[in-house]
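Student: Provided below are the primary sequence and the corresponding predicted coordinates.
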Amino acid sequence: MPDHSPSTARRSAAPGRSGRTYHHGDLAQALQRVVIEVVAERGIGAATMAECARRAGVSAAAPYRHYPSLDDLLLATARACYERWQVRRAEHDVDLNRPEQALRELMADTFAFARDDPGSFILIFDSGIQRHSDLIKEWNRQAYEQFLHIVSAITAAPAAQCSIPALGIIATVLGHAKMSLDEFSGISLDRAAQMSMSATTMLLDGFRADQERHRAVPEQTAPDDRPTDRGGRAW
């Protein structure tokens with residue numbers, strides 16, 4: 001799989017660049033900004049305590065006064081990134097009476113987030129760090145439940161039956177965003193967003209058609225009424 005290689009677009013889009021300075025007493029926040037910067041440029045594997053200390057302009061021991069380990073720093077940064085994502089999403093009300101618009105806004109915002117804040121996007125959606133945070137797991141669960149209801153409202157299928165299209169859409173969106181950030185697909189995030197919308201439309205159309213076929217099939221004949229073979233066994 002491709003690594004998160006540096007790119008001009010990602011370097012210029014990374015927010016909160018540290019400038020290797022920080023205000024007294026703000027080292028904890030400065031280190032989080034450095035993590036986002038490093039992840040945007042070189043991937044999560046490049047975010048080490050030593051590198052973060054170097055970029056913040058402090059001694060190698062200084063970060064440990066705020067974070068006992070690299071995992072603690074990464075988890076704290078990921079939680080802060082997820083909180084910013086939630087604030088961003090809160091700007092759009094999810095109206096289940098207009099689910100298609102809710103879906104378009106969510107997809108557009110996801111790609112805009114990847115463009116505007118690639119380090120945060122990678123930490124939240126492509127680092128695996130969320131597996132170590134019960135809080136982020138719960139946030140993800142709530143977001144997924146809400147998304148199931150959006151898909152349910154679009155397709156008129158019960159939310160419990162919408163996991164296949166819902167996960168398919170999520171995989172399409174995050175996959176396209178990741179491949180664009182990795183420079184694997186060779187397409188811009190704007191183009192990736194367009195392709196994801198087209199693929200999502202086809203996926204939902206196919207799911208609705210499948211639901212219609214199932215509704216059109218007459219109910220199965222009762223077992224006692226099914227024809228039998230010569231041995232008397234039901235087919």
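Tutor: Happy to help now that I have it. Numbers count the residues shown, from 1 in each chain.

Student: run through the helices of the chain in chain order.
Tutor: Along the chain, counting by DSSP state H, helices occupy 8-13, 27-42, 49-56, 70-90, 99-116, 118-125, 134-155, 163-181, 189-216.

Student: would you mind finding the most buried of the ones you listed?
Tutor: Of all the helices of the chain, helix 118-125 has the most neighbours on average by mean count of other Cβ atoms under 10 Å, namely a mean of 26. Using the backbone N, CA and C atoms, a C-beta is placed for each residue, glycine as well.

Student: include mean pLDDT when you put the helices of the chain into a markdown table, please.
Tutor: Rendered in a markdown table, the data for the helices of the chain read as follows (pLDDT from 0 to 100):
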| stretch | mean pLDDT |
| --- | --- |
| helix 8-13 | 42 |
| helix 27-42 | 96 |
| helix 49-56 | 96 |
| helix 70-90 | 94 |
| helix 99-116 | 96 |
| helix 118-125 | 94 |
| helix 134-155 | 94 |
| helix 163-181 | 96 |
| helix 189-216 | 93 |
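
Student: need the ones you listed in TSV (columns: distance to residue 63).
Tutor: Output for those, formatted as TSV (distance: least, Cβ to Cβ, whole Å):
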stretch	distance to residue 63
helix 8-13	23
helix 27-42	6
helix 49-56	5
helix 70-90	7
helix 99-116	26
helix 118-125	17
helix 134-155	22
helix 163-181	26
helix 189-216	32
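
Student: okay, which residue is most central for this protein?
Tutor: Nearest to the geometric centre of the chain sits residue 125, at 4.1 Å (Cα atoms, centre = their mean).

Student: OK, contacts around that residue?
Tutor: Residue 125 makes contact with 174, 177-178, according to Cβ atoms under 8 Å, 6 or more residues apart in numbering.

Student: distance check, it against residue 39.
Tutor: Look at residue 125 and residue 39: by Cβ to Cβ, to the nearest Å, they are 12 Å apart.

Student: again with residue 165
Tutor: Distance, residue 165 to residue 39, using Cβ to Cβ: 31 Å.

Student: try residue 33
Tutor: To residue 39, residue 33 is 11 Å away according to Cβ to Cβ.

Student: for residue 114, same thing?
Tutor: Here residue 114 is placed at a distance of 12 Å from residue 39 (Cβ to Cβ).

Student: what's the answer for residue 213, then?
Tutor: Separation of residue 213 from residue 39 (Cβ to Cβ): 45 Å.

Student: of the contacts of residue 125, closest to residue 217?
Tutor: Taking Cβ to Cβ as the measure, residue 217 lies nearest residue 174 of these, at 34.1 Å.

Student: looking at it, that closest one is touching residue 126, isn't it?
Tutor: Yes: with contacts counted by Cβ atoms under 8 Å, residue 174 reaches residue 126, the gap being 7.3 Å.

Student: contact partners for residue 28?
Tutor: Taking Cβ under 8 Å, 6+ apart, we find residue 28 in contact with 66-67, 76.

Student: any chance of the residues you listed in JSON lines, with distance to residue 94 too?
Tutor: Shown next, in JSON lines, are these (distance: Cβ to Cβ, whole Å):
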{"residue": "66", "distance to residue 94": "36"}
{"residue": "67", "distance to residue 94": "35"}
{"residue": "76", "distance to residue 94": "28"}
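
Student: for residue 203, state which of those residues is nearest.
Tutor: Distance to residue 203 across these (Cβ to Cβ) is lowest for residue 76, with 36.1 Å.

Student: thank you kindly, that will do.
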